[in-house]
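Student: Here is my input, please return the structure:
(one chain, ligands or ions: 1)
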Amino acid sequence: MTESQPETNPSADTGKKSMDEIMALCKRRGFVYPASEIYGGINGFWDYGPLGSQLKKNLRDAWWHDVVMTGCRGKTGPDGNPVRVVPVDTCIIQNPKVWEASGHVGGFNDPMVDCRETKSRYRADHVKCMGEKGDSSGQIYAFIDGDDASFEGALKKLGKYKKKNLTRDEVDICPLTDLSVEELAITVGPDTKEVGTLTEPRAFNLMFKTYIGATATEDDIAYLRPETAQGIFIHFKNVVDTTRVAVPFGIAQTGKSFRNEVTPRNFTFRSREFEQMEIEFFCHPDEAGAWYEFWRDWRMQWWKDLGLEGENLILREHEKDELAHYAKEGAGTSDIEYRFPFTAPGYGELEGIADRTNFDLKQHQDHSKKKMEYHDTTRGEPLPNGQPKGEWYIPHVIEPSAGLDRGVLALLCEAYTPDPERPSKVYMKFHPRIAPIKAAIFPLVNKDGMPDKAMEIYRAVVQRVGAHGFVEYDPKQNIGKRYARMDEAGCPFCFTVDSETLTDGTVTVRDRDTLSQERIPAGDVPGYLAERLGLGS
Ligand code: GAP
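Tutor: Below you'll find the model as predicted:
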């Protein structure tokens, strides 16, 4: 139920793209800010600035359009029919019985270890331990998996204890969860000098608790949802009874989820408040395999189409021992994974596609005593009148569950393109469909009638593409600085009005990626742009 730790390697060469530099650009250009920053921040929470919110909206809108509005962009499903997906928008807080039925109250746990000295708390499965090779009696040094500084710190402390310089090749590494109680007692925590400050790992429930009403007693406890999926399952029957959908069909939802992660980290990758985009696709049990393959392949292609191409994106089928509690033997589960700078050369999960069988609907049927069976009138033996007898069954569910914030993070990392030749030294190569700023209109100088002409073009462009992202009008600073700002913001096209515009009516178009410039008639700008944004000419 909880996702696994991204595959990391402390010794990996992560030099290609620096996460620190990406985070700095995100702050500088208003993509992402630390939440509550003026009060020192709050661990595991991030806010989006103007460009970040629009980028996130564009990604959510692309998902909504492609999944809900157009049924996988008009694709035919394995049953030969168009894919049907309808939306719901359910509450973050539900009756706590929902989470008892789903297994989250009893089982949504991560192993946690505390440091008695520093009061730090770690995910036990994120902590690794090192000791000198061949030495089973010496102290053990703990470090955070995937954190180079923490690894180097432990290596240095071990070297000091052994009174010699040690290299990575001279140490044995194992997960903290493999240590015995005796070994834990001689372990030095990731941020201590003393031995034996770490507690034994214990289960920690990730659900955020709150109270409903004024009395705040045990009876008033409620939970913030840890996934949007359960809001879909509990309304399966309502959707079937109140709309004309028929199995196979999907219900989709986007929205905030909350997990009290033990060690939130890696920027927005593991946050305590995040947004999901989830589809629960209901089908006949015999068709689950075909629908699983359909969704797995289509979702992979979807991320590719947004620019996450090449070796940075992989599809990984789960091993048998990774299968979730609801997954039956042979039922598929796979992850779409992205190679983030902090996981490289490993990968971190972006989206999971799981055959959840009929586990969730059955759980809710058992706990609520409300029937979740579906009457399929297209199946069953033919009656004497030639019509099928019908079949009752609890549908199986294929779940493509994507993280919106992780998607945004992957798009930010993918777009970040260092280029020493440019004044900005870096540009954001967003796919035009998700770029937060679609176009910028500049008068070359802030006089000679150029601002008026530029403003006229700006108004026409906003009219044509403004529903899909920002259009900037900027008359200030020299043109090189304005291009540099737009490169860092990832704006795909800049249109400049100059003295020629006033005589022949043309403007220059600067292409962010190729840096090429061409002249086009000013009146063609909206159409030129719409065509390149995939909105028709
Ligand atoms: N309903 C199934 C479910 O929630 P999950 O693998 O736990 O499955 C789905 O979560 C997606 O939600 C993940 O692939 C990831 O993109 C995103 N996600 C999960 N935990 C997250 C966290 N703490 N911070 C940001 N995104 C998270």
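Student: Return the backbone torsion pair for the residue in the stretch 301-450 of the chain that the ligand sits nearest to.
Tutor: Residue nearest to the ligand within the stretch 301-450 of the chain: Gly403 (2.1 Å; CB to the nearest ligand atom). All C-beta atoms are positioned from the backbone trio N, CA, C, and that covers glycine. Note on Gly403: its backbone torsions stand at phi -90, psi 120 [degrees, to the nearest 10].
Student: what's the burial count for it?
Tutor: Using other CB atoms under 10 Å, Gly403 has 25 other residues around it.
Student: now the one 4 residues further on
Tutor: Burial of Gly407 is recorded as 26 neighbouring residues (other CB under 10 Å).
Student: Spit out the contact partners of it.
Tutor: 59, 277, 303, 350-351 (CB atoms under 8 Å, 6 or more residues apart in numbering).
Student: Within reach of the ligand, which of those residues are there?
Tutor: Among those, the residues that sit close to the ligand (CB under 6 Å from any ligand atom) are 350-351.
Student: Neighbour-wise, which one of the contacts of Gly407 leads?
Tutor: Glu351 (25 neighbours).
Student: Leaving out chain neighbours, which residue sits closest to it?
Tutor: Ala402 (3.8 Å; CB to CB, 6 or more residues apart in numbering).
Student: nearest spatial neighbour of His367, skipping sequence neighbours?
Tutor: Of all residues beyond its chain neighbours, the one nearest His367 is Ala101 (3.7 Å), with distances taken as CB to CB, 6+ apart.
Student: Let's verify that neighbour: helix, strand, or coil?
Tutor: Three-state assignment for Ala101 (DSSP: H, G, I helix; E, B strand; the rest coil): helix.
Student: do the same with the one 4 residues further on
Tutor: The three-state label for Val105, taken from three-state DSSP, comes out as helix.
Student: dump the residue contacts of the residue nearest to it when sequence neighbours are not counted.
Tutor: Closest residue in space to Val105, ignoring its immediate chain neighbours: Trp99 at 4.8 Å, by CB to CB, 6+ apart. The neighbours of Trp99, taking CB under 8 Å, 6+ apart as the test, are 105, 207, 223, 225-226, 230.
Student: Contacts only, for the residue of the chain most remote from its centre.
Tutor: Distance to the chain centre peaks in the chain at Pro384, reaching 52.9 Å (criterion: CA atoms, centre = their mean). With contacts defined as CB under 8 Å, 6+ apart, Pro384 has no neighbours.
Student: so it sits in a helix?
Tutor: No - Pro384 is assigned coil when assessed by three-state DSSP, not a helix.
Student: Go ahead and confirm Gly352 touches Ile398.
Tutor: No - using CB atoms under 8 Å, Gly352 makes no contact with Ile398, being 11.1 Å away.
Student: quick one, which of those two is more surrounded?
Tutor: Ile398 (29 against 20).
Student: In CSV, could you pull the C-alpha coordinates for stretch 468-486?
Tutor: Extracted as CSV, the C-alpha positions of stretch 468-486 are listed here (Å, rounded to 0.1, in the frame of the first residue of the first chain):
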residue,chain,number,x,y,z
HIS,A,468,-4.2,27.5,-21.9
GLY,A,469,-1.5,29.5,-20.2
PHE,A,470,0.0,33.0,-19.6
VAL,A,471,0.9,35.4,-22.4
GLU,A,472,3.4,38.0,-21.3
TYR,A,473,3.7,41.6,-22.4
ASP,A,474,7.0,43.1,-21.3
PRO,A,475,8.5,46.4,-22.5
LYS,A,476,11.2,46.7,-19.8
GLN,A,477,15.0,46.1,-20.0
ASN,A,478,17.1,45.3,-23.0
ILE,A,479,15.8,42.5,-25.3
GLY,A,480,18.6,40.1,-24.3
LYS,A,481,17.5,40.2,-20.6
ARG,A,482,13.9,39.7,-21.6
TYR,A,483,14.8,36.6,-23.7
ALA,A,484,16.8,35.3,-20.8
ARG,A,485,13.9,35.6,-18.4
MET,A,486,11.6,33.8,-20.8
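Student: How far does it sit from its chain's centre?
Tutor: Distance, stretch centre to chain centre, for stretch 468-486: 29 Å (CA atoms, centre = their mean, to the nearest Å).
Student: so for that stretch, what's the average pLDDT?
Tutor: Average pLDDT, stretch 468-486: 96.
Student: Name the residues of it that come out as buried.
Tutor: The neighbour-count check on stretch 468-486 (16 or more other CB atoms under 10 Å) flags 468-475, 479, 482-486 as buried.
Student: so where is the stretch 201-350 of the chain shaky, pLDDT-wise?
Tutor: Applying pLDDT under 70 to the stretch 201-350 of the chain picks out residues 321-330.
Student: so how far is Pro226 from Asp114?
Tutor: 22 Å (CB to CB, to the nearest Å).
Student: what number of residues lie near the closest residue in space to Lys133 that isn't next to it in sequence?
Tutor: Nearest residue to Lys133, sequence neighbours excluded (CB to CB, 6+ apart): Asp172, at 5.2 Å. Using other CB under 10 Å, Asp172 is surrounded by 13 other residues.
Student: Going forward, count from 18.
Tutor: In the new numbering, first residue 18, that becomes Asp189.
Student: Asp189 contacts Met147, correct?
Tutor: Yes - with contact defined as CB under 8 Å, Asp189 reaches Met147; the gap is 6.7 Å.
Student: Tell me the residues of the stretch 318-467 of the chain that contact the ligand?
Tutor: Residues of the stretch 318-467 of the chain lying close to the ligand by CB under 6 Å from any ligand atom are 366-369, 416, 418-420, 422-423.
Student: give me that answer again for 5 Å
Tutor: The stretch 318-467 of the chain comes close to the ligand at residues 366, 369, 418, 420, 423, as judged by CB under 5 Å from any ligand atom.
Student: what's the helix or strand for the second one?
Tutor: I take that to be Gly369. Counting by DSSP states H and E, the element that carries Gly369 is strand 365-374.
Student: Residues contacting the helix or strand containing Ser351, please?
Tutor: Here Ser351 sits within strand 350-355, counting by DSSP H and E. Strand 350-355 is contacted from outside by 313, 316-317, 320, 325, 329-335, 339-341, 344, 364-372, 419, 423, 427, 430-431, using CB under 8 Å, 6+ apart.
Student: filter those residues to the buried ones?
Tutor: By neighbour count, with 16+ other CB under 10 Å, the contacts of strand 350-355 hold 313, 316-317, 320, 325, 330, 335, 340-341, 344, 364-372, 419, 423, 427, 430-431 as buried.
Student: can you give me the strands for the stretch 318-467 of the chain?
Tutor: Assignment of strands within the stretch 318-467 of the chain using DSSP state E, counting those that start in this stretch yields the ranges 330-334, 350-355, 365-374, 391-393, 408-410, 413-420, 433-435, 443-445, 454-460.
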